[in-house]
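Enquirer: My questions concern the predicted model and sequence given below.
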Amino acid sequence: MRKDLAQVDLVELVQVEDIKIIIKHKNMHLVFYFLTFFSLMGCNQSKEKEIYLIQSGFKGKVNVIFNNAKGEPTKYENGVRIYEIPKDGILLTQFKVQEGLIKRDYYYVDGSGKRNPLKIMTDSENTNDSEIGIFRDGTIGVYGDSNDKNSLTYQEFYVTDKNKLEGYFTDESINEFNKRVQVKTGYKF
């Protein structure tokens, strides 16, 4: 048995030495980065694209709460997941959560069904501070203890402008939203 362990260590040592040799060669680090990039892109291919439809004029925090038996049934459009965000900003869905690199598109939808794209923004972007867009895209969290089978996994984002974004992070705003989630889901956390 000791001999088997020694053989495994030798193989691992050889692999580590091979990596060191490859990286030492000039410009090989670029090859390493490209291989990593394409590997990640390959992982992304199994993820389903997502579209979020938000009523025109809505501004606020949005939570999509996954794996909810009483939630909205799964809905697809040309192979793309569709999430129709209700007026209260809290969607319960039967979809399972996806993690990783996911292509997401966000739209305001008017009364006639016309979709107007919303830009995904970052807090540090040099943009018009009053432009409405999507902030904190792709944030995943859990209400309750993640080890509890009844905990709620959610994705959240904010439909707002940069000037008003920080207002959603006050204790009052957070507590008010959490109370609405508890009422809608029946889950206390």
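Expert: Yep, that arrived.

Enquirer: ranges for the helices of the chain?
Expert: Remark: helices assigned in the chain by DSSP state H are 2-24, 28-44, 162-165, 171-185.

Enquirer: which stretch in the ones you listed is the model least sure about?
Expert: Lowest mean pLDDT within the helices of the chain: helix 2-24, a mean of 41.

Enquirer: Work out which residue lies at the spatial centre of this protein.
Expert: Centrality entry for the chain: nearest residue to the mean C-alpha point is Gly138, 2.5 Å, by CA atoms, centre = their mean.

Enquirer: From Phe177, how far out is that residue?
Expert: Using CB to CB, to the nearest Å, we find Gly138 at a distance of 18 Å from Phe177. In this view, the C-beta of every residue, glycine as well, is placed from N, C-alpha and C.

Enquirer: Equivalent analysis for Tyr168, please.
Expert: 8 Å.

Enquirer: what residues are shared contacts of these two?
Expert: When CB atoms under 8 Å, 6 or more residues apart in numbering defines a contact, the residues bordering Tyr168 and Phe177 alike are Lys61.

Enquirer: quick one: the longest strand anywhere in the chain to helix 171-185, angle?
Expert: Criterion DSSP state E: the longest strand present in the chain is strand 133-143. Inter-element angle recorded for strand 133-143 and helix 171-185: 60 degrees (by axes from the mean of the first three to the mean of the last three CA atoms, to 10 degrees).

Enquirer: starting at the chain centroid, how far to strand 133-143?
Expert: A distance of 6 Å separates the centroid of the chain from that of strand 133-143, by CA atoms, centre = their mean, to the nearest Å.
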